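[1] Here is my input, please return the structure:
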Amino acid sequence: GASNIDGGYLAGKYLAEQLKGKGKVAIIEGIQGVDNAEGRKNGAKKAFAEYKDIQIVASQSANWKTEEGLNVMTNILQANPDLNGVFCANDMMAFGAIQAIDGVGKSGNIIVTAYDALDQAKVYIKEGKMASTVDQKPDDQGYYGVKYAVDLINKKEVPMEYMVKLENITK
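    Now for the predicted structure:
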């Protein structure tokens, strides 16, 4: 598997570094109470807590959906017109957040980090609409799952848990 806490931390840390440790940030969460969503949110919060001048001004669920990401980000921007950055717990919600940011003419002024490394997110990174996205390496997860299953069949010892190394993809 992949550690959602570590992934949220990577994205949150990168966002805080891009803001030079200072500014107002928001978190757009996945489905509240679900392990992967809570892990990603808590990882980002942990990273932000390392910077005394980073203030979390909003944290709200958009249920992994683009349209909800657009609506949530629109509301966050109305309440916090001086927002500096946002961590979205998946790329789909980030796509909605980017639409909201574009809609108020702040493209390039609000730093967006996210999670999943979808192809469109990589395009947005190249275009400067997103700063980063976390790749949880699903291909590696599949590889090690099969490898350890074969090892078990062959009576070899395997780890009880194996977490793949995450990568924060940036420009």
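
[2] In space, what's closest to the spatially most central residue of the chain - neighbours in sequence excluded?
    Nearest to the mean C-alpha position of the chain, by C-alpha atoms, centre = their mean, lies A114 at 3.0 Å. Distances taken as C-beta to C-beta, 6 or more residues apart in numbering place A94 nearest to A114, at 3.7 Å, with adjacent residues excluded. No exception for glycine: its C-beta is placed from N, CA and C like everyone else's.

[3] cool, M93 as well?
    G69 (3.4 Å).

[4] what do you get for C88?
    Sequence neighbours aside, A94 is the residue nearest to C88 in space, at 3.8 Å (criterion: C-beta to C-beta, 6+ apart).

[5] and the one you found, what helix or strand is that in?
    helix 91-103 (DSSP states H and E).

[6] looking just at contacts, which helices and strands does that helix meet?
    Helices and strands touching helix 91-103, by 3 or more C-beta pairs under 8 Å, 6 or more residues apart in numbering; DSSP states H and E, are strand 22-29, helix 66-79, strand 85-88, strand 111-115, helix 119-127.

[7] change it to 7 Å
    Using 3 or more C-beta pairs under 7 Å, 6 or more residues apart in numbering; DSSP states H and E, the elements in contact with helix 91-103 are helix 66-79, strand 85-88, strand 111-115, helix 119-127.

[8] most packed of those?
    strand 85-88 (a mean of 30; mean count of other C-beta atoms under 10 Å).
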